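Student: Build me a model from this:
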Amino acid sequence: MNSGVLGARTIVSQSGWKYAASIIFTGLAILIAAEILYFMGMVSFLTTLTAALSPVIALLLGIIGLNFFGRESLVKEDRFHAMNVWMALGLLVFSLSEIAGVLLRITGSSSDIYFTVGLVQMPALLLWGLGVVGYLRSSNSVLGVFNGNKMSSIIIIITALASLFLVVIMTLIHPAQSLLITFVSVPMIIGLGITLCILGGIVWILRGGLIARPLILMFFGILLLLIRSLFWGFVNYCPGSPFDYVTAIEGYILVGASLAAASGLDDVFVIEEEEEAD
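Tutor: Okay, the predicted model is just below:
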């Protein structure tokens with residue numbers, strides 16, 4: 001491998017992390033500003049600010065992700081590329097759910113916020129699940145870490161048992177809660193939880209490699225969104241508080257940062273393909 005190609009790979013790989021660092025720095029700035037406003041007692045202003053920022057950030061990061069990975073659309077036969085496209089599309093759907101929540105909060109329909117937001121988030125969770133599961137299968141087919149059929153059976157069994165367990169627990173904790181809300185919250189928690197576990201498995205399989213690094217950011221971003229859903233489901237935590245919005249914002253930012261970091265790797269693989277063609 002000549003030094004020119006190696007230098008190009010290094011520059012391209014670092015460029016993705018520069019974008020990611022900028023996004024993460026923005027997240028830290030928002031977090032610090034939120035803490036300052038909270039301790040100054042400006043809770044109403046903080047709520048309004050974070051409510052406006054959450055859909056905007058999810059939308060912008062989704063667009064940025066599609067700009068990085070959507071230029072060649074889904075026709076590119078690369079599961080890593082496809083997964084990042086699904087994640088970017090999921091961010092766009094999450095932005096719609098945040099907008100729906102804000103509109104319901106403005107109209108005073110607070111009792112419907114959780115149900116509506118959860119319902120709108122379902123397609124986003126489906127997109128993320130498709131992307132992560134697809135990449136897990138691709139990685140496993142190459143490395144042969146798990147038996148494919150057993151892995152699918154285990155995921156289905158765990159999903160079914162965990163869903164039943166959560167329905168029982170949430171019914172016992174909040175017996176007066178509407179069953180519709182319970183049946184919306186359970187898929188949210190299970191969907192994020194299963195996606196998180198699968199993503200953790202991918203990181204473990206690819207540990208030590210370049211691809212694992214942006215996936216770690218994605219892991220923690222989804223973890224924050226899972227924590228948010230757990231608060232909604234088990235602590236009877238009403239959506240619309242500053243903590244709720246800040247948690248969502250930081251989760252979206254970490255997922256967006258992972259897409260930015262991964263974009264450099266996508267270009268590195270293009271350089272490798274060009275080198276092989278030469």
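Student: which stretches of the stretch 151-278 of the chain form helices?
Tutor: For the stretch 151-278 of the chain, applying DSSP state H, counting those that start in this stretch gives helices covering 179-205, 212-234, 242-277.
Student: now the ones you listed in CSV, with distance to Ala82, mean pLDDT and mean neighbour count?
Tutor: (Each C-beta comes from the backbone N, C-alpha and C, glycine too.) Putting the helices of the stretch 151-278 of the chain into CSV (distance: least, C-beta to C-beta, whole Å; pLDDT from 0 to 100; neighbours: other C-beta atoms under 10 Å) gives the following:
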stretch, distance to Ala82, mean pLDDT, mean neighbour count
helix 179-205, 14, 86, 19
helix 212-234, 14, 90, 20
helix 242-277, 11, 75, 21
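Student: so which of the ones you listed comes closest to Tyr38?
Tutor: The closest of these to Tyr38 is helix 242-277. By C-beta to C-beta, the value is 6.3 Å.
Student: Can you name the residues that contact the closest residue to Leu60 other than its chain neighbours?
Tutor: Excluding its sequence neighbours, the residue lying closest to Leu60 (C-beta to C-beta, 6 or more residues apart in numbering) is Gly256, at 7.9 Å. When contacts are counted by C-beta atoms under 8 Å, 6 or more residues apart in numbering, Gly256 touches Ile23, Ile57, Leu60, Leu61, Gly62, Ile64, Gly65, Leu91, Gly221.
Student: Quick check: Gly256 vs Leu223, distance?
Tutor: 15 Å (C-beta to C-beta, to the nearest Å).
Student: Go ahead and confirm Thr247 touches Arg228.
Tutor: Yes. When contacts are counted by C-beta atoms under 8 Å, Thr247 is listed as touching Arg228 (4.6 Å).
Student: sorry, back to before: just give me the closest of the contacts of Gly256 to Pro123.
Tutor: After measuring the contacts of Gly256 against Pro123 - C-beta to C-beta - the closest member comes out as Leu91, at 11.9 Å.
Student: buried set for the one helix or strand that closest one maps to?
Tutor: Element membership for Leu91 (DSSP states H and E) is helix 79-107. Residues 79-102, 104-105 are the ones in helix 79-107 that count as buried (16 or more other C-beta atoms under 10 Å).
Student: tell me the angle of it relative to helix 212-234?
Tutor: With axes from the mean of the first three to the mean of the last three C-alpha atoms, to 10 degrees as the basis, helix 79-107 and helix 212-234 are set at 30 degrees to each other.
Student: still on that earlier bit, what's the separation between the residue nearest to Leu60 and Val56?
Tutor: Counting by C-beta to C-beta - Gly256 and Val56 are separated by 12 Å.
Student: Enumerate every residue touching the nearest residue to Thr171 once chain neighbours are set aside.
Tutor: In space, and not counting its chain neighbours, Thr171 is closest to Thr182: 6.5 Å by C-beta to C-beta, 6+ apart. Shown in contact with Thr182 (C-beta under 8 Å, 6+ apart): Val167, Met170, Thr171, His174.
Student: Can you turn the buried subset of those residues into a selection I can paste into ChimeraX?
Tutor: To isolate the buried members of the contacts of Thr182 in ChimeraX, using 16+ other C-beta under 10 Å:
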select :170
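Student: In TSV: the contacts of Thr182, plus distance to Val117 and pLDDT.
Tutor: Listed next are the contacts of Thr182 as TSV, based on distance: C-beta to C-beta, whole Å; pLDDT from 0 to 100:
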residue	distance to Val117	pLDDT
Val167	19	83
Met170	17	81
Thr171	21	80
His174	17	76
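Student: Output the contacts of Thr182 in CSV; the columns should cover distance to Gly41.
Tutor: Formatted as CSV, the contacts of Thr182 follow (distance: C-beta to C-beta, whole Å):
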residue, distance to Gly41
Val167, 40
Met170, 34
Thr171, 38
His174, 31
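Student: Tell me the one of the contacts of Thr182 nearest Ile194?
Tutor: Of all these, Ile194 sits closest to Val167, with 15.8 Å by C-beta to C-beta.
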